[in-house]
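kindly return the folded structure for what I paste below:
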Amino acid sequence: MNKIDKQIFHFTNLGFGNIEIKRKLGVKGINLSTSTIYRRANKFKKKFYDLHVLENFNDILDKDCILVSGSIYSRFYKSESKVRSLEFSCLPLRKLLLKKEIRVVPYFSSDYTKVMLIPNKMSKSKLIPRKYTTGITVSFNRFFEDGNKLKPKIDIYIPLKKFGIKDTDTIVDNDARILFPALKEFGWKLCEKRVTDSNNLADLFVQTKKRKYIIEITSEGKKRKKSAKLNMMLRYRIAAKSFFISTTSKRINATPIIILWNGLKENGVLNREFFNGCELLNIKLLFTDFNENWQFAVAKQLAEIDTNEQIL
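Prediction:
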């Protein structure tokens, strides 16, 4: 492979089209027609059957990458060729798949514990939305010899901008979508391991310069009829959420916060035992009316909490 072919392969590998490659080569003083670039790039199509391993994996990660958990499955066929399927869940990407076809090239870390999926029309690996679930599958037909080193569980990095996805599209909960822009004004950011749909990270997983926060938001009770039985059921449900967010926060080393409708406190739905339990679990509680512009007052309270927190 000569120097020009190496350049073409490099840009093709990164997902650039023929016109973009022509422009980039022109900057370097290499003038080729798009048809010539197409013919040369076509020779490398078979390369995209394989997976790519990068020694400098962390250096090439985009800032807008989100991290989701995935699983790798293996199957053997009569031809004795091993086929591996990578399965994961990412709701905004799945919605995109329902509108158009997306092919990707997988880039693995040298220890095979991480993979980044880069969109590339030349790849043979197509993202397929699973039926009846929010899952996505991508298969690799020709696997390299080190395939047996892959772990059943793997971290998947998805560069949002390359897929045309906004970072806020990864927030599923409606109240969390309303709150985050207000938090952004105080310098809060979404964590790379994002709440995409079913990764059990509550409604919002955000961070500041000091620490990470896991936030559960619920307006339950605001539109309910008042009755002793319904109040008791609501109290138990919120208590269960409190236990869930507490255990999750310990797993990811984040501060747990629950935002509730203030009527629960005023109407006595939440009793002293509930507040004592939250204090014991180190859960911070915030109350709001969930009326228009509620997010700005809550964001200000959260910023004050962060100011008083110690750096982790």
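
please name the residues that touch the nearest residue in space to residue 287 that is not next to it in sequence.
Excluding the flanking residues, the one nearest residue 287 by CB to CB, 6 or more residues apart in numbering is residue 262, at 3.9 Å. Where you see a C-beta, it was placed from the backbone N, CA and C, and this is true even at glycine. For residue 262, the contacting residues are 287-289, by CB atoms under 8 Å, 6 or more residues apart in numbering.

just the buried positions in the host helix or strand of residue 178, please.
Using DSSP states H and E, residue 178 falls within helix 174-184. The neighbour-count check on helix 174-184 (16 or more other CB atoms under 10 Å) flags 175-176, 178-180, 182-183 as buried.

who touches the helix or strand following that helix?
Using DSSP H and E, the next helix or strand after helix 174-184 towards the C-terminus is strand 189-190. Taking contacts as CB under 8 Å, 6+ apart, the residues outside strand 189-190 that touch it are 167, 170-171, 180, 205-208.

mind putting the residues you listed in JSON lines, pLDDT and secondary structure included?
Below are these laid out as JSON lines (pLDDT from 0 to 100; DSSP: H, G, I helix; E, B strand; the rest coil):
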{"residue": "167", "pLDDT": "82", "secondary structure": "helix"}
{"residue": "170", "pLDDT": "83", "secondary structure": "helix"}
{"residue": "171", "pLDDT": "86", "secondary structure": "coil"}
{"residue": "180", "pLDDT": "94", "secondary structure": "helix"}
{"residue": "205", "pLDDT": "90", "secondary structure": "strand"}
{"residue": "206", "pLDDT": "92", "secondary structure": "strand"}
{"residue": "207", "pLDDT": "91", "secondary structure": "strand"}
{"residue": "208", "pLDDT": "92", "secondary structure": "coil"}
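
returning to that earlier point: mind putting the contacts of residue 262 into CSV with secondary structure and pLDDT?
Below are these laid out as CSV (DSSP: H, G, I helix; E, B strand; the rest coil; pLDDT from 0 to 100):
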residue, secondary structure, pLDDT
287, strand, 93
288, strand, 92
289, coil, 90
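
quick one: which of the residues you listed is nearest residue 101?
Closest approach to residue 101 among those (CB to CB): residue 288, at 43.0 Å.

for the closest residue to that closest one other than its chain neighbours, give its distance to residue 179.
Nearest residue to residue 288, sequence neighbours excluded (CB to CB, 6+ apart): residue 294, at 4.7 Å. Separation of residue 294 from residue 179 (CB to CB, to the nearest Å): 8 Å.

check residue 34 too.
Distance from residue 34 to residue 179, by CB to CB: 47 Å.

could you do residue 85 as well?
Distance of residue 85 to residue 179, given as CB to CB: 36 Å.

where does the prediction get shaky in this structure?
Along the chain, segments meeting pLDDT under 70 span 1, 13-15, 43-51, 74-83, 140-150, 194-201, 223-227, 229, 310-312.

can you give the domain ranges for it?
Domains of the chain are assigned by automatic domain parsing as 3-43, 52-163, 171-308.

what sits against the closest residue to residue 30 other than its chain neighbours?
In space, and not counting its chain neighbours, residue 30 is closest to residue 4: 6.1 Å by CB to CB, 6+ apart. By CB under 8 Å, 6+ apart, the residues touching residue 4 are 25, 30, 32, 40.

where do the strands of the chain begin and end?
52-54, 65-76, 82-89, 104-109, 114-119, 128-129, 135-140, 153-159, 189-190, 204-207, 212-218, 255-261, 284-288 (DSSP state E).

tabulate those (TSV), appending mean neighbour count and distance to residue 11.
Compiled in TSV, these are given as follows (neighbours: other CB atoms under 10 Å; distance: least, CB to CB, whole Å):
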stretch	mean neighbour count	distance to residue 11
strand 52-54	16	15
strand 65-76	16	21
strand 82-89	18	25
strand 104-109	20	13
strand 114-119	22	13
strand 128-129	16	27
strand 135-140	19	22
strand 153-159	19	17
strand 189-190	17	30
strand 204-207	22	34
strand 212-218	23	37
strand 255-261	23	44
strand 284-288	17	49
